[in-house]
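Peer 1: Sequence first, then the predicted structure:
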Amino acid sequence: MKFVHAADLHVDSPLRGLDRYEGAPVARMRSATRGALENLVSMCIEEGASFLLLAGDVFDGGWKDYSTGLFFVAQMARLREAKIPVVLVRGNHDAMSSVVKALRLPDNVRELSHKKPESFELADASVVVHGQSFGARIQTEDLAARYPDARRGVLNIGLLHTSVDGREGHEPYAPTSIETMRAKGYDYWALGHVHAREVLSTDPWIVFPGNLQGRHARETGPKGATLVTATDGEITSVEHRDLDVARWQVVTVDASQCTDAMEVVDRARDALASAATAAGDRILAARLVVRGQTRANASVRRDVDKFTSELRAAVSSSEAALGDRVWIEKIGIETRSHVDLALLREEPGAVGHLARRLGAIKADDAELAALGAVLADLDKRLPAELREGEGALTLTAPPFLRALLEDVEQTLLPSLLDGES
């Protein structure tokens, strides 16, 4: 017997901020969550799954229009035709929407109650699924603690949207512990809420499958669902299956052996080609990071706009047709000069004095605050799209200011030593 465990589908997630990227494949990226759901349904059918579990956040809150709900219903109807039941709970994102609550689901879909834990028996599979939906967006109670103990003679599964005992980057909703879950005596815990795949335990199995489709540059790598096999009432296999149609990835380029900017461009193009091949037929949304202590540092940093334009042009004109498969979301320049900054700060001249001042500002919270005060007015005037979402700019924040000073060190000081204007 096989079943599929998925979570955090976020169907039609708005993917805010894409419009501000020139050349971004906006339509393809925004349809990715739908494509991933279609892949999930197809996998259930192809694998002959006995049922599908959805551990919350099927939707991303309210909908732009009702087509989001109709699309989900159509996909569930595909499973009904294949005689595959679906059991789901609501999470923090889809609990709050009155529109979502009004959605009429096909009769093969069972949504577990938000009022108290509910046990749903899948008699044909000798399985009982225990779970509880969120009734409101903010859920601070340990829901799992109230789940019933395991039933004898069947496979027991706990379906739960939770942060467990806390996960970085996720709100602490429905917090619980591995000990609490183990005490219930279940064979498998199908969790949701955390967007990175994580196996918390194998005895019993406690699994976050991760979200079905990455939505921004912090949700990198393969995304999908978990295929579980049970034999004679015991879990015998737990496998991740890739189902994403667009893949976010940080592609790092080592420029340490390069001598000029064009060599870095060539190396970056090769790295992107390799990443695109690994992503298969998916579109690759790449955040490119160029690193290394390199003689190319000065030529890369001398005109960053020119360098990034050359890089994007190399991808667009690639013989491997990378332009059709790769979108460079952002380019990060983290190269370093061969200049020894520690020695430079000991020099008596003007450049040495500048190096000492830059180092002192980075190390002194009061100096950073003073620099932030200079930028405070500009920070307030930034457009909303630059101050919100992933990669938001906060010009007065110490991490931003330190990164800014390091850029100055790596760009300005080597140029001054080389006598450049």
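Peer 2: Everything's here; your move.
Peer 1: What mean pLDDT does stretch 240-259 get?
Peer 2: Across stretch 240-259, the average pLDDT comes to 95.
Peer 1: the bottom helix or strand of this structure by mean pLDDT?
Peer 2: None of the helices or strands of the chain scores lower by mean pLDDT, DSSP states H and E than helix 98-101, at a mean of 57.
Peer 1: Contact partners for Arg336?
Peer 2: Going by C-beta atoms under 8 Å, 6 or more residues apart in numbering, Arg336 touches Gly292, Gln293, Thr294, Asn297, Gln410. C-beta coordinates here come from the backbone N, C-alpha and C atoms, glycine included.
Peer 1: Enumerate every residue touching the fourth one.
Peer 2: So the one you mean is Asn297. By C-beta under 8 Å, 6+ apart, the neighbours of Asn297 are Ala255, Thr335, Arg336, Ser337, His338, Gln410, Pro414.
Peer 1: pretty sure the fourth one contacts Leu413?
Peer 2: Yes. In this structure, Ser337 sits in contact with Leu413. The criterion is C-beta atoms under 8 Å, and the distance is 7.2 Å.
Peer 1: Can I get the buried part of the contacts of Asn297 as one ChimeraX selection?
Peer 2: Selection of buried members from those for ChimeraX, criterion 16 or more other C-beta atoms under 10 Å:
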select :255,335,336,337,410,414
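Peer 1: just checking, which of the contacts of Asn297 belong to strands?
Peer 2: Thr335, Arg336 (DSSP state E).
Peer 1: Could you dump the contacts of Asn297 into CSV with distance to Val199 added?
Peer 2: Putting these into CSV (distance: C-beta to C-beta, whole Å) gives the following:
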residue, distance to Val199
Ala255, 36
Thr335, 37
Arg336, 37
Ser337, 43
His338, 44
Gln410, 40
Pro414, 46
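Peer 1: Which parts of the stretch 101-250 of the chain are helices?
Peer 2: 178-183 (DSSP state H, counting those that start in this stretch).
Peer 1: where does it dip in pLDDT?
Peer 2: Along the stretch 101-250 of the chain, segments meeting pLDDT under 70 span 101-102, 166-170.
Peer 1: Run through the strands of it in chain order.
Peer 2: Secondary structure of the stretch 101-250 of the chain (DSSP state E, counting those that start in this stretch): strands at 109-111, 118-122, 127-131, 155-161, 188-192, 198-202, 205-208, 224-231, 234-242, 246-254.
Peer 1: what packs against the shortest one?
Peer 2: Which is strand 109-111. Packing contacts for strand 109-111, counted by 3 or more C-beta pairs under 8 Å, 6 or more residues apart in numbering; DSSP states H and E, involve strand 86-89.
Peer 1: Tell me how many other residues crowd the nearest residue to Arg356 once chain neighbours are set aside.
Peer 2: Leaving aside its chain neighbours, Arg356 sits nearest to Arg345 (4.8 Å; criterion: C-beta to C-beta, 6 or more residues apart in numbering). Arg345: 18 surrounding residues under other C-beta atoms under 10 Å.
Peer 1: next one: Ala24
Peer 2: Ala24: 17 surrounding residues under other C-beta under 10 Å.
Peer 1: That one: what secondary structure?
Peer 2: Look at Ala24: counting by DSSP: H, G, I helix; E, B strand; the rest coil, its state is coil.
Peer 1: Just give the closest residue to Leu378, not the sequence neighbours.
Peer 2: Closest to Leu378 by C-beta to C-beta, 6+ apart is Leu395, at 6.0 Å.
Peer 1: Can you tell me the closest non-neighbouring residue to Arg269?
Peer 2: Nearest non-adjacent residue to Arg269 (C-beta to C-beta, 6+ apart): Ala314, at 4.7 Å.
Peer 1: How about Ala150?
Peer 2: Nearest non-adjacent residue to Ala150 (C-beta to C-beta, 6+ apart): Gly185, at 3.6 Å.
Peer 1: My read is that that neighbour contacts Asp149, right?
Peer 2: Yes. Here Gly185 reaches Asp149: they are 5.8 Å apart, a contact under C-beta under 8 Å.
Peer 1: Please identify which of these two sits among more neighbours.
Peer 2: Using other C-beta under 10 Å, the more surrounded residue of Gly185 and Asp149 is Gly185, with 14 against 11.
Peer 1: quick one: that one and Thr202, what's the gap?
Peer 2: 16 Å (C-beta to C-beta, to the nearest Å).
Peer 1: What of Arg104?
Peer 2: For Arg104, the distance to Thr202 - C-beta to C-beta - is 39 Å.
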